[in-house]
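Q: how does the following fold in three dimensions:
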Amino acid sequence: MSNGTKSEIRFLEGPQSRWEEFKFVVKSCREFIKGFRALHFAGPCVTIFGSARFKEDHEYYILTQKLSAAIAKLGFTVMTGGGPGIMEAANRGAREVGGRSVGCNIVLPHEQQPNPYLDKWVNIKYFFVRKTLLVKYSYAFVVMPGGFGTLDELFEALTLIQTKMIKAFPIIIFCKDFHRELMDYIEKLKVAGTISTDDLDLVLLTDSVEEAVEHIRTNSIDQFGLKYAEPKPARWLFEKRFFNF
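A: This next block holds a predicted model:
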C-alpha cells in the first residue's frame, strides 16, 4: 500500500492531531499543484471512464478504441484514469489517429501503472484529487462499462452538473444492454421524485459512435462556442507546451 493511500485512510478514520491534519492538507495541495502543472497545456478534453479489467480482445475495449478515435478527430484531447482496460483502449484510439492522449493515474497497490498510449500522465495519490482533475479539464464525459469507480465518476459528474457547480457538459452513457438496469434505477428515482424529470436530459444513452460524436459536437463545441487558444508557458515555472512534454 502506498504512503499516499495510507495517509488518506488515516485521515478518514476521524479527528487526528492538528499537525497531522495540517500535513494532509499540505500534501493534498501538492497533489493538486502537480496535476495542474502536468495538465495545464493538455487542451480541451473529453474524459472517458470505464473498467480497468477488460482485455484488448474484448468487445468493449474495441468499441472504446473506435469511439475515442472519433472524439480525437473532433480536436479534443482524450483523458482517462491512465490505467489498463477501457482507459488504455481510449488512449490507444486517440493515439492511433494522431490525437492527444493524457491520463490521470491513481497510485494503488494494483492497477497503478500508466498505460503505454499516453502522451502525458500524472500520478496522483488521492482519489478526490484525481476526480477533480478528471472533471476540471473536460468538456464532455463518456461512461463505458465499468465497476464501482466508474459509477462513482459518473455520479460525481452528474451531481456537479445537476447542482450547477459546473456547466451542463454532455454526459454519454455507452452500451445500452450493460447499463439497462442502471437507467431503470435512475427512472425509479424520477418516479420517486428524488430527481427532477429534467435531470434525465443530462444523459444520453446510446450504442452509436456517430450519435455520441454528434452529441458532443452539438452540446459541447457548438453550445459553448469552444475555441482553444493554447496558453503560453511561463518560463519562470519551467513550463513546456503539450507536444514538448
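Q: burial check on residue 129, number of neighbours?
A: Per other CB atoms under 10 Å, the neighbour tally for residue 129 reads 23. Heads up, the C-betas are built off the backbone N, CA and C, glycines and all.
Q: just give the nearest non-adjacent residue to it, would you?
A: Counting by CB to CB, 6 or more residues apart in numbering, residue 31 is the residue found nearest to residue 129 once chain neighbours are left out, at 4.5 Å.
Q: list the contacts of stretch 213-224.
A: By CB atoms under 8 Å, 6 or more residues apart in numbering, the residues outside stretch 213-224 that reach it are 46, 67, 70-71, 74, 76, 139-140, 167-170, 172, 204, 206, 226.
Q: pretty sure the residue nearest to residue 129 belongs to a helix, no?
A: Yes: residue state for residue 31 (DSSP: H, G, I helix; E, B strand; the rest coil) corresponds to a helix.
Q: hang on, the earlier thing: give the buried subset of the contacts of stretch 213-224 as a PyMOL selection command.
A: Those of the contacts of stretch 213-224 that count as buried under 16 or more other CB atoms under 10 Å are selected in PyMOL with:
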select buried, resi 46+67+70+71+74+76+139+140+169+170+172+204
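Q: inside strands: which ones of the contacts of stretch 213-224?
A: Counted as lying in strands by DSSP state E, out of the contacts of stretch 213-224, are 46, 139-140, 172, 204, 206.
Q: could you list every helix and strand in contact with the host helix or strand of residue 63?
A: Using DSSP states H and E, residue 63 maps to helix 59-73. Applying 3 or more CB pairs under 8 Å, 6 or more residues apart in numbering; DSSP states H and E, one finds that helix 59-73 makes contact with strand 45-49, strand 77-80, helix 86-96, helix 209-216.
Q: and the helices in this structure?
A: 3-11, 18-39, 59-73, 86-96, 127-136, 148-162, 176-192, 209-216 (DSSP state H).
Q: could you dump the helices and strands packed on helix 59-73 into JSON lines with mean pLDDT added?
A: Below are the helices and strands packed on helix 59-73 laid out as JSON lines (pLDDT from 0 to 100):
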{"stretch": "strand 45-49", "mean pLDDT": "97"}
{"stretch": "strand 77-80", "mean pLDDT": "97"}
{"stretch": "helix 86-96", "mean pLDDT": "98"}
{"stretch": "helix 209-216", "mean pLDDT": "97"}
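Q: from these, which stretch is densest packed?
A: strand 77-80 (a mean of 32; mean count of other CB atoms under 10 Å).
Q: neighbouring strands - and their directions - for that one?
A: Counting by DSSP bridges, the strands paired with strand 77-80 are strand 45-49 (parallel), strand 101-106 (parallel).
Q: any idea how far that strand is from the chain center?
A: 7 Å (CA atoms, centre = their mean, to the nearest Å).
Q: again, but for stretch 50-62
A: Offset of stretch 50-62 from its chain centre (CA atoms, centre = their mean): 17 Å.
Q: how about stretch 41-53?
A: 4 Å.
Q: export it to CSV, keeping only CA atoms.
A: Extracted in CSV, the C-alpha atoms of stretch 41-53 (Å, rounded to 0.1, in the frame of the first residue of the first chain):
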residue,chain,number,x,y,z
PHE,A,41,-1.4,22.5,-21.7
ALA,A,42,-3.5,19.4,-22.5
GLY,A,43,-6.2,21.4,-24.3
PRO,A,44,-10.0,20.8,-24.1
CYS,A,45,-10.5,17.2,-23.0
VAL,A,46,-13.2,14.6,-23.2
THR,A,47,-12.9,12.2,-20.3
ILE,A,48,-13.7,8.5,-20.9
PHE,A,49,-14.5,6.4,-17.8
GLY,A,50,-14.5,2.6,-17.7
SER,A,51,-13.3,-0.6,-16.2
ALA,A,52,-9.6,-1.4,-15.9
ARG,A,53,-10.4,-5.2,-16.3
